[in-house]
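Trainee: Here's a sequence, model it:
(chains A and B)
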Amino acid sequence: MDTAKTQTYDYTEPVLSAKGQRMRDILTDYVVMVSHRLPDDITAKLQELQKVEVDPVQKLFYDTMMENQMLANKLKRPSCQDTGALQFFVKCGAKFPLLGELNDILKDAVYRATKKAPLRTNALQSFDEFNTGLNIGDGIPSVFLQVDGNGSDIQMYVYMAGGGCTLPGEAQVLMPGEGYEGVVRFVMDRMTSYGVNACPPLLVGVGIGTSVETAAFNSKMALMRRVDSQNSNANAAKLEHLLEDGINNIGLGPQGIGGKKSVYGVNVVNTARHPSDLGVAVSTGCWSHRRGLIKFDEDLNYELPYNKGVEL
Amino acid sequence: MKTYHLTTPISDDDIKDIRVGDLVYLNGSMTCARDMVHRRFVEQHRPLPIDIANKAIMHAGPIVKDEGNGKYKMVAIGTSTSMRMEKFEEEFIKQSHVKLIIGKGGMGPGTERACKKYKALHLIYPAGNAVYGGLHVNEIVDAKWTDLGMPEAMWSCDVSDFGPLIVSIDTNGDNLFTKNKVIFNERKEAEIKKIQKQVKFIQ
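Mentor: Prediction:
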């Protein structure tokens, strides 16, 4: 250190129940795994796009990406240096036994995974403007919790949300007169401005809702869905396909250098809206879309639906 | 597209024929310098603690392992969004005499002017390939401004065959991304027209 740190972030590891410790340890290992292995749907799509690009530079970029992922797996290192600000999107039954300890478990899992992986320490305390050096801070990791009925299971998406792709999302509430035509304009404009720099090929998450925060939240949930999934509403699914083809026809190519394709896909998640408002948001997942899904039952038996064959 | 292998120190002559779209691999000195390093140097007029004249910087916040005794090991390194540094880059190039700026995505008119006037290149490394990048770093030879935290500190690296790097702004001030964006926007407008006709869901 050539300049003394003036401020520090105090963190004492929580005292957890034996079961809580077990869940934390599983999640620690899962976060580490998410940092060096892409989910199955993303890997499959990456391989598909690699075959589509024919120009030498584009091919070279895709070859580098494939080799990087192979090396990250082999050497157990984070595949991208920006391991993000961790986000958890949780659905939890009211009878899940560790609900009361959940926030402590998640924060401590990130704290431990950061040392273990190691992850980049990305948590900066706002206004005081210092890096905690721990990758946790006030509100980081971000935990979005929905209580889902009276069950005893829990499921959570784990997302390494990168500073140059998904964190700078955008939301706006359109006037209904602008219609879904306005939604199309909003999404497409972001592709040629922000999308170019957000590490294409992208997974584009579009959220429709009644306000900025519902639309924004929906756009994030859209990024949690599998690339090959489809919205259950016929019109929303149609919009997904139209936008996917439209953005691909812009031809952003890998890293925005131009090419045959721009995106892995477009996912739309929608909720109802007030008659006066049409909220729309865009979140862009980068090519290195490190998001996971883990499901626990009350005894902490777990499944990893996005990572076939992986054991922690 | 031509391929070049550059070794630091880099002279004006070494890069004068290199054009946008060309492929470059770097050997020698490359120092991480992103948002805060630019701000301290350009806005706060603090002298750079690591000499980067005729060398390369990378808009990058790597993952580094502290091995104690002032020794650090590179775990993963890749590029960050260059556009964030556009506000400072013209002045940064002018005052630091840096020759290569490695980042991701395009940069703007200030960087174009500086690349032309002071003979420098902006190049992009395919971001996200941080293990691959890390394996081309031989060692971290110096670490300064570590008070800024891991992503923002100046990590001075000795690199071998670091790349692939694609030239995005050359010494004529030509800009690959500006050209691309014109094409992207034309295509976008055509696509919007096509799609808008098919989404009249509010009846």
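
Trainee: what's the closest non-adjacent residue to residue 99?
Mentor: I'll assume chain A. For A:Leu99, ignoring the flanking residues on the chain, the nearest one in space by CB to CB, 6 or more residues apart in numbering or on different chains is A:Cys92 at 5.8 Å. No exception for glycine: its C-beta is placed from N, CA and C like everyone else's.

Trainee: meant chain B, my bad for not saying
Mentor: If the residues on either side of it in the chain are set aside, B:Lys99 comes closest to B:Ile10, at 4.2 Å by CB to CB, 6+ apart.

Trainee: ok, back up a step: so what pLDDT did the residue nearest to A:Leu99 get?
Mentor: A:Cys92 carries a pLDDT score of 97 in this model.

Trainee: Let me know whether it touches A:Leu102 as I believe.
Mentor: Yes - in terms of CB atoms under 8 Å, A:Cys92 counts as a neighbour of A:Leu102; the distance is 7.0 Å.

Trainee: Surely A:Leu239 is in contact with A:Val268?
Mentor: Yes - taking CB under 8 Å as the contact criterion, A:Leu239 and A:Val268 are neighbours in contact, 5.8 Å apart.

Trainee: intersection of neighbour lists for these two?
Mentor: For the pair A:Leu239 and A:Val268, residues contacting each of them under the criterion CB atoms under 8 Å, 6 or more residues apart in numbering or on different chains are A:Val206, A:Asn231.

Trainee: On the three-state scheme, A:Lys308 is what?
Mentor: Look at A:Lys308: counting by DSSP: H, G, I helix; E, B strand; the rest coil, its state is coil.

Trainee: Looking at the backbone only, give me phi and psi for it.
Mentor: Dihedral pair for A:Lys308: phi -60, psi 140, per degrees, to the nearest 10.

Trainee: what sits against the closest residue to it other than its chain neighbours?
Mentor: Distances taken as CB to CB, 6+ apart put A:Asp40 closest to A:Lys308, at 5.5 Å, once the chain neighbours are dropped. Contact partners of A:Asp40, counting by CB under 8 Å, 6+ apart, are A:Tyr306, A:Asn307, A:Lys308.

Trainee: For the residue nearest to B:Lys99, report the pLDDT, please.
Mentor: Residue-level confidence at B:Ile10 comes out at 98, pLDDT.

Trainee: Could you report the neighbour count for it?
Mentor: Taking other CB atoms under 10 Å in any protein chain shown as the criterion, the count of residues near B:Ile10 is 22.

Trainee: Tell me which residues touch it, please.
Mentor: B:Asn54, B:Lys55, B:Ala56, B:Lys99, B:Leu100.

Trainee: what about 10 Å?
Mentor: Taking CB atoms under 10 Å, 6 or more residues apart in numbering or on different chains as the criterion, B:Ile10 is in contact with B:26, B:28-29, B:53-56, B:98-100, B:119-121.

Trainee: same deal with A:Asn235?
Mentor: Taking CB under 10 Å, 6+ apart as the contact definition, A:Asn235 lies against A:Tyr180, A:Val268, A:Asn270, B:Gln198, B:Val199, B:Phe201.

Trainee: that older thread, could you tell me which of the contacts of A:Asp40 count as buried?
Mentor: Applying 16 or more other CB atoms under 10 Å in any protein chain shown to the contacts of A:Asp40, the neighbour count classes A:Tyr306, A:Asn307 as buried.

Trainee: contacting residues for the residue of the stretch 1-150 of chain A found nearest chain B?
Mentor: Nearest residue of the stretch 1-150 of chain A to chain B (CB to the nearest CB) works out as A:Asn131 at 2.9 Å. Neighbour list for A:Asn131: A:5, A:7, A:9, A:121-125, A:137, B:36, B:147-153 [criterion: CB under 10 Å, 6+ apart].

Trainee: one more time with 6 Å, if that's ok
Mentor: A:Asn131 makes contacts with A:Leu124, B:Gly149, as judged by CB atoms under 6 Å, 6 or more residues apart in numbering or on different chains.

Trainee: For it, give the beta-bridge partners.
Mentor: Per DSSP bridges, the residues bridged to A:Asn131 are A:Leu124.

Trainee: just the strands in chain A please.
Mentor: Taking DSSP state E as the test, the strands found in chain A are A:85-92, A:124-125, A:130-131, A:142-147, A:154-161, A:170-174, A:202-209, A:263-270, A:278-285, A:291-296, A:302-303.

Trainee: Pipe the ones you listed into CSV and attach distance to B:Ile192 per row.
Mentor: What follows is the strands of chain A, written out as CSV (distance: least, CB to CB, whole Å):
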stretch, distance to B:Ile192
strand A:85-92, 31
strand A:124-125, 37
strand A:130-131, 41
strand A:142-147, 32
strand A:154-161, 28
strand A:170-174, 15
strand A:202-209, 15
strand A:263-270, 14
strand A:278-285, 14
strand A:291-296, 29
strand A:302-303, 41
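
Trainee: what about stretch B:178-198, average pLDDT?
Mentor: 97.

Trainee: what's it in contact with?
Mentor: Applying CB under 6 Å, 6+ apart, the set of residues contacting stretch B:178-198 from outside is A:Glu181, A:Val184, A:Arg185, A:Met188, A:Thr192, A:Leu242, A:Gly246, A:Asn249, A:Ile250, A:Gly258.
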